[in-house]
Structure formats: structure tokens, C-alpha cells
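Colleague: Task: produce atomic coordinates for the following.
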Amino acid sequence: METLAPVPDVANTDSLTIYRNRWKTVIASKPFGRAIDEDTTPLELICGLRDAIEGHKSLFIDSKILHPDISTNNIILTDPKLNDGFYGVLIDLDLAISMSDDSCSADAKLLTGTMEFIALGILKAHAFPEGDGVIHSYRHDLESFFYVLVSVCIRLGWPSKKCTFIGTLRKWYKGEVVDIYFSKHTAVSPENFKAIVLDAFSPKFNCV
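Modeller: Sure, this is the predicted structure:
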């Protein structure tokens, strides 16, 4: 019989800044909607994002909970007739941070989330670590919502169903953190935003 080594008390080690204790849970449920990047119309995209942001605002203001993992996988589109008028719902709170719990302050400095949608400030803090780092805030989540918008507008809506500018987005999640930071920073800068981002929108989403 194999004996497992005792798990260190992360509260008393430096691993607090590297690892986070988590409970593994599984929830089985009927499909509530579809991912925001699946066969989406421009109107559904905008309405779904609006409602997901409203949900994020409610979590943060009313419950003091920060999501920190905004991505296309965590926003689903719903039928407003079946969902109290809402077109979109924010899901997947397994990385959520309780802002009223002081013990979670270290969690807010971890590099969590889906790389393609992580805010520039978070990427920079991990690409060039200095001082006490950057605490993940609601502003970083709002920036991630923006990258969800950009991603959908570039990926979807091509006549051949094959994205012509996938290379632009690939640079936002492939490679080292420092390379991802510089690629995204360059793309969204005022002088490059139209040429790199807006001109990469598919014909279907040019109206956004």
C-alpha cells in the first residue's frame, strides 16, 4: 500500500502564492443555454454580454464576489422568454474570490483565467514581477469582457466558417506570458487597434 506524503500547510509556506486549495465538485444539469461563441448573431452577442456584465456587477456589489475567469466558455446565451428576460448568464464560479474574506487576498494575485481573455495589467504583473504584484479587480474582469467581444467578432461569421485572422487571437494565448502581453498590448494600442483588431472582424460582425 502506497503512503502519500503529508500535504504541507500552505498557510505557513511560500506555496500560498503558487497554489490554491480547491474542492473538486461536479454538477449535473440540463443545458441552460449555449456558449456565446456558438452560432451567435450580433444582437445576441451584445445582449448576452450586457446581461453577463449585469450579473457580474450584481455578484461584485451585492455579494462581494469577484469572478476572475471571464471567457467565452463562461458566458452562455439563454432564451429571454425562459430566463426572466435575460439573454446571457455568467457561469462557472469555481475560481471566484470572496472580496470580504481577507484570506483570499493572495488568491487575487494568482494568474487565473483563460489566457486569451486575461487583462493586460494582470499579464504585465506576471511577465515582469515586481513588488507585491497586482490584485485582480473588477476592472480586469471588465477588460476580459471586452476581449470576449473581440474574440467572437473575429472568430465567427465567416462565409467559409473558417476564421481568416485566427493568427491574431492565437498570439493572445500561445507562448510565454511576456510574449502574450506584448502581442495583446500592441494589438489594442490606439495606433494599431483598427488595423489589427477592427479590420479582422468578420463580415457578419462588422456592424458591432
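Colleague: separation between the residue positioned nearest the centre of the chain and Asp51?
Modeller: Taking C-alpha atoms, centre = their mean, the centroid of the chain lies closest to Ile70, which sits 2.5 Å from it. Distance of Ile70 to Asp51, given as C-beta to C-beta, to the nearest Å: 14 Å. (Glycine included, C-beta is placed from N, CA and C.)
Colleague: try Ser151
Modeller: For Ser151, the distance to Asp51 - C-beta to C-beta - is 18 Å.
Colleague: Could you check how far the residue nearest to the centre of the chain is from Thr112?
Modeller: Distance of Ile70 to Thr112, given as C-beta to C-beta: 11 Å.
Colleague: Could you list the residues in contact with stretch 182-194?
Modeller: Residues from elsewhere that reach stretch 182-194 (C-beta atoms under 8 Å, 6 or more residues apart in numbering): 120, 123-124, 168, 171-172, 196-197.
Colleague: What of stretch 76-84?
Modeller: Contact partners of stretch 76-84, identified using C-beta under 8 Å, 6+ apart, comprise 32-36, 38, 40, 44, 48, 86-89, 91.
Colleague: Who are the packing partners of the top helix by length along the chain?
Modeller: The longest helix of the chain (DSSP state H) is helix 42-63. Judged by 3 or more C-beta pairs under 8 Å, 6 or more residues apart in numbering; DSSP states H and E, helix 42-63 is in contact with strand 65-66, strand 75-77, strand 88-90, helix 138-155.
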